[in-house]
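**Student:** give the three-dimensional model of this entry:
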Amino acid sequence: MAARFTEVADGVHLGALAPAALLNTVLLEGPDGDVVVDAGFPWSARRLAVLLRGRHVAEHAVTHAHGDHVGASAWLCRQTGAPLAMGAADAGRFEDGRLDTHSGRLGRAVLAPLARERRRVDRRLAEGDRVAGFTVLSVPGHSPGTLALWRAEDRVLIVGDGPVNVSGDPRSPRWLPLPRGLHDDPGAAVASRRRLAALRPDLVVALHGRPVASADRWARAVGP
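**Tutor:** Numbers count the residues shown, from 1 in each chain. Down below sits the predicted model:
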């Protein structure tokens with residue numbers, strides 16, 4: 001089946017970069033063109049090319065600078081001419097190639113080397129900035145500069161890493177456990193997730209896994 005986006009909320013489109021939606025990209029319709037959130041592995045470029053055919057990409061925004069989210073970011077910006085935006089605390093690391101923000105050896109050995117191609121970061125995002133109608137939230141822990149995107153009017157939340165739902169039913173999620181060692185600071189990551197859970201989102205769109213439309217179920221997965 002050809003790669004395609006699915007609209008999951010008004011102007012919010014989800015595209016799978018890996019089987020079972022274990023790795024996604026998100027396209028946001030903005031006033032000046034589309035914003036592509038995260039770019040997956042280096043080899044995700046081929047699938048991104050299909051997903052983005054015929055679209056005007058005005059900006060490429062990154063939730064955090066880990067190799068499975070920025071692996072094809074330099075390629076995407078080069079192909080589309082879009083500027084690159086990411087959290088200020090991750091931007092310098094991306095430019096310098098220091099993406100080893102994992103507390104465990106697995107992340108440092110496997111994920112960190114995946115962002116082989118670098119480029120300049122054009123916009124360093126901080127709390128309160130705007131991306132295609134969403135407000136930027138600074139939620140460090142998974143990486144120093146991890147961001148989430150929040151649209152309060154319809155309570156849609158976009159997260160880079162969080163509890164991973166592998167169920168196709170957004171109201172009945174099933175969770176895939178992930179190693180704590182993939183976080184830069186596991187304690188800070190938990191605190192940031194609790195902050196997001198307190199927003200009581202009606203829809204959580206994740207870059208890993210499938211959407212969740214149950215604030216209670218998602219909050220329980222995040223933890224007390």
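
**Student:** residues contacting residue 175?
**Tutor:** Neighbouring residues of residue 175 by CB atoms under 8 Å, 6 or more residues apart in numbering: 163-166, 221. All C-beta spots, glycine's among them, are computed from the backbone N, C-alpha and C.

**Student:** just the closest of the residues you listed to residue 177, please.
**Tutor:** Comparing the contacts of residue 175 against residue 177 with CB to CB places residue 164 closest, at 8.2 Å.

**Student:** so how far is residue 206 from the closest one?
**Tutor:** 7 Å (CB to CB, to the nearest Å).

**Student:** out of these two, which sits in the more crowded spot?
**Tutor:** Shown here are residue 164 and residue 206; by other CB atoms under 10 Å, residue 206 has more neighbours (23 against 20).

**Student:** which helix runs longest in this structure?
**Tutor:** For the chain, the helix that runs over the most residues, judged by DSSP state H, is helix 186-197.

**Student:** other residues contacting it?
**Tutor:** Around helix 186-197, the neighbours that count as contacts under CB under 8 Å, 6+ apart are 103, 137, 139-142, 146, 148, 157, 159, 162-163, 180, 183, 215, 218-219, 222-223.

**Student:** for this protein, what helix or strand is lowest in average pLDDT?
**Tutor:** Each helix and strand of the chain was given a mean pLDDT (mean pLDDT, DSSP states H and E); the minimum falls on helix 105-106 at a mean of 69.

**Student:** return the alpha-carbon coordinates of stretch 13-27 using PDB.
**Tutor:** Coordinates of each C-alpha in stretch 13-27 appear next as PDB, following Å, rounded to 0.1, in the frame of the first residue of the first chain:
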ATOM      1  CA  HIS A  13      -2.100  14.500   9.500                       C
ATOM      2  CA  LEU A  14      -0.200  11.400  10.700                       C
ATOM      3  CA  GLY A  15       2.000   9.400   8.400                       C
ATOM      4  CA  ALA A  16       3.700   6.100   9.400                       C
ATOM      5  CA  LEU A  17       7.400   5.700   8.700                       C
ATOM      6  CA  ALA A  18       7.700   2.200  10.200                       C
ATOM      7  CA  PRO A  19       5.300  -0.800  10.500                       C
ATOM      8  CA  ALA A  20       2.500  -0.700  13.000                       C
ATOM      9  CA  ALA A  21       3.000   3.100  13.300                       C
ATOM     10  CA  LEU A  22       5.900   2.500  15.700                       C
ATOM     11  CA  LEU A  23       7.600   5.600  14.100                       C
ATOM     12  CA  ASN A  24       5.600   8.400  12.500                       C
ATOM     13  CA  THR A  25       5.900  11.800  11.000                       C
ATOM     14  CA  VAL A  26       3.200  14.500  11.500                       C
ATOM     15  CA  LEU A  27       2.200  17.100   9.000                       C
END
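
**Student:** and that stretch, what's buried?
**Tutor:** Neighbour-count burial for stretch 13-27 flags 13-17, 21-27 (criterion: 16 or more other CB atoms under 10 Å).

**Student:** tabulate the residues you listed (a markdown table), appending secondary structure, pLDDT and distance to residue 200.
**Tutor:** Formatted as a markdown table, these follow (DSSP: H, G, I helix; E, B strand; the rest coil; pLDDT from 0 to 100; distance: CB to CB, whole Å):
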| residue | secondary structure | pLDDT | distance to residue 200 |
| --- | --- | --- | --- |
| 13 | strand | 98 | 24 |
| 14 | strand | 98 | 21 |
| 15 | strand | 97 | 26 |
| 16 | strand | 96 | 27 |
| 17 | coil | 95 | 29 |
| 21 | helix | 87 | 24 |
| 22 | coil | 93 | 26 |
| 23 | coil | 95 | 26 |
| 24 | strand | 97 | 23 |
| 25 | strand | 98 | 26 |
| 26 | strand | 98 | 21 |
| 27 | strand | 98 | 25 |
